[in-house]
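1. next comes the sequence, and after it the predicted model I'd like to discuss.
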Amino acid sequence: MAAPLDPGGWDRALRLMAAHAGAAHGQLIAVGGQQPVPFNHITDYDFDRHREFDERQESYSSDNWRIGASRGPMEIVSERDYDAARTLCRSDFYDDFVADADIPFGCQTVLIEQPGRLLGLAALRNRTDGRSSEADRDAFAAAAPLALAAARMQIALEHQGALLLVGSFEAMASASFLLDASGRICATTGPAEALALAGDRLTIRDRRLRACRRGVDDRLQATVRAGLAASAPGMVGRLWLDDDPLDRDLRCEVYALPVTEFSFGFAPRLLVAVRAPAPLGPAAERELSALLGLTPAEAAVAVSLAEGIDRETIASARGSTLGTVNAQIKSLFRKADVSREAELVALLNRLLR
């Protein structure tokens, strides 16, 4: 029960479980989600060899006889079940891996099962250990409920952290969604729920965040996939929730969150924040002047266009004629190397926001 609380606690607990069950290795593994195996810890084992195995999609298919032998949560399976599964699940790839890793025997159980993913516990035995005895299986069965309680505690702690994070964004009245390792929503702020319920920009289907416009949704899903695959925390992308460059008032930003050493894939992995961008000011005008070689007047017109202001309003606000503004925009086209106002606005927003 101390495993979720102490550094290295899970490794010590799994070693202890394996020793009581007479096995060379203890294993805790999460399967499912965007990554085939978001978490896999095996005691006293060469992780580089197993990492390559985990990255192959077929490694955890129905041809894997350990997967084929699995039953429901807290049901113990062992070598007799493996023998039966081998007659149905034939995979030279998995058999070669098991022989090379020297883990042909053992017992296992599913601790937690949710749609599309599960958390499992195993005692992996090598050829020297031999097949498990009844006493070995009894020791493993006695450890399984304790492992389940500890796993539930860790998941609860991870979700408590998620709720605290959501609470921080709630205090800022931010529309924020937290996504887990499967890409599903695990927490939202009040403004985020209201945005999804409105259903004109974002919606939630099957606990997944979707943009209402197809092109925008394609970009959103690609950004989410990139975030889930990110190896370091930080912003992985941002996109507008409207395809029309002249009518953009909400931007979506996707951040990868830090991953703890023992994270089963149930904890939040991504933060998706939706907000209206801050108004552009004199600093933006100076930045554009430096980047594109604009005059002060052209930079002011460019910033107004990026804010979504039409030409007539720009002319009126500047006390100039529409013809003057049109001439300045034509100059902007040439300096920015674009031919249409939509292209110009898109470029300006990429540069400034």
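-> Done, it's in. All values reported here derive from a predicted model rather than from experimental measurement.
2. list the contacts of residue 175.
-> 189, 191-192, 194-195, 273-275 (C-beta atoms under 8 Å, 6 or more residues apart in numbering). (Each C-beta comes from the backbone N, C-alpha and C, glycine too.)
3. which ones among those residues map onto helices?
-> Members of those lying in helices (criterion: DSSP state H): 191-192, 194-195.
4. which of the contacts of residue 175 lies closest to residue 93?
-> residue 273 (42.0 Å; C-beta to C-beta).
5. can you pull the contacts of residue 250?
-> 201, 240-242, 274-276.
6. re earlier: mind picking the two most distant members of the ones in helices among the contacts of residue 175?
-> Longest span within the ones in helices among the contacts of residue 175, C-beta to C-beta: 192 and 194, 7.3 Å.
7. per-residue pLDDT, residue 330?
-> Here, the pLDDT recorded for residue 330 equals 94.
8. doesn't it fall inside a helix?
-> Yes. Assigned with DSSP: H, G, I helix; E, B strand; the rest coil, residue 330 falls within a helix.
9. before we move on, the earlier item: report the buried members of the contacts of residue 175.
-> 189, 191-192, 195, 273-274 (16 or more other C-beta atoms under 10 Å).
10. of all those residues, the one with the weakest confidence?
-> Among these, residue 189 has the lowest pLDDT, at 85.
11. wait, that one touches residue 169, no?
-> Yes. With contact defined as C-beta atoms under 8 Å, residue 189 counts as touching residue 169 (5.2 Å).
12. strands of the stretch 51-200 of the chain, residue ranges please.
-> 105-114, 117-125, 175-180, 185-188 (DSSP state E, counting those that start in this stretch).
13. turn the ones you listed into TSV, including mean pLDDT and distance to residue 46.
-> Output for the strands of the stretch 51-200 of the chain, formatted as TSV (pLDDT from 0 to 100; distance: least, C-beta to C-beta, whole Å):
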stretch	mean pLDDT	distance to residue 46
strand 105-114	94	17
strand 117-125	93	13
strand 175-180	89	29
strand 185-188	86	33
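14. now do the same contact list for the nearest residue to residue 148 once chain neighbours are set aside.
-> Leaving aside its sequence neighbours, residue 148 sits nearest to residue 111 (C-beta to C-beta, 6 or more residues apart in numbering; 4.7 Å). Contacts here follow C-beta under 8 Å, 6+ apart; on that basis residue 111 touches 73-74, 118-121, 144, 147-148, 151.
15. 7 Å instead, please
-> Residues near residue 111 by C-beta atoms under 7 Å, 6 or more residues apart in numbering: 73, 119-121, 147-148, 151.
16. before we move on, the earlier item: so which of the ones in helices among the contacts of residue 175 comes closest to residue 155?
-> So of these, ranked by how close each gets to residue 155 (C-beta to C-beta), first place is residue 192, at 22.0 Å.
17. domain parsing of the protein, as residue ranges.
-> Annotated domains of the chain cover 9-156, 172-275, 282-352 [automatic domain parsing].
18. what about the last one, how long is it end to end?
-> End-to-end distance for domain 282-352: 12 Å, by C-alpha to C-alpha, to the nearest Å.
19. show me the shaky parts of the stretch 101-250 of the chain.
-> Applying pLDDT under 70 to the stretch 101-250 of the chain flags the ranges 161-168, 170-173, 243-248.
20. let me see the ranges of the helices in it.
-> Here the stretch 101-250 of the chain has its helices, by DSSP state H, counting those that start in this stretch, at 134-171, 190-198, 214-229.
21. which among those is found nearest to residue 335?
-> helix 214-229 (27.6 Å).
22. enumerate every residue touching the nearest residue to residue 235 once chain neighbours are set aside.
-> Using C-beta to C-beta, 6+ apart and skipping the chain neighbours, the partner closest in space to residue 235 is residue 255 (5.3 Å). By C-beta under 7 Å, 6+ apart, residue 255 lies in contact with 234-236, 270-271.
23. in ChimeraX, how would I select the buried members of these?
-> Provided next is the ChimeraX selection string for whichever of the contacts of residue 255 are buried by 16+ other C-beta under 10 Å:
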select :236,270,271
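24. between the contacts of residue 255, which sits nearest residue 84?
-> Nearest to residue 84 out of the contacts of residue 255 is residue 270 (C-beta to C-beta; 40.4 Å).
25. pretty sure that closest one contacts residue 226?
-> No. Look at residue 270 against residue 226 with C-beta atoms under 7 Å: they stay out of range, at 9.9 Å.
26. give me the common contacts of these two.
-> Joint contacts of residue 270 and residue 226 (C-beta under 7 Å, 6+ apart) do not exist.
27. who's in contact with residue 302?
-> Taking C-beta under 7 Å, 6+ apart as the test, what residue 302 contacts is 288, 294, 332, 348.
28. apply 8 Å and report the result again.
-> 285, 288, 292, 294, 332, 344, 348.
29. identify the farthest-apart pair in the residues you listed.
-> 285 and 344 (15.2 Å).
30. look up how far residue 292 lies from the spatially most central residue of the chain.
-> Centroid-nearest residue in the chain, with C-alpha atoms, centre = their mean: residue 228, separated by 3.2 Å. Between residue 228 and residue 292 the distance is 36 Å, computed by C-beta to C-beta, to the nearest Å.
31. repeat that for residue 145.
-> Distance of residue 145 to residue 292, computed by C-beta to C-beta: 66 Å.
32. between the two, point out the one with more neighbours.
-> In this view residue 145 and residue 292 are compared by other C-beta atoms under 10 Å, and residue 292 has more residues nearby, 17 against 12.
33. name the nearest residue to the more buried one, ignoring sequence neighbours.
-> In space, and not counting its chain neighbours, residue 292 is closest to residue 335: 5.0 Å by C-beta to C-beta, 6+ apart.
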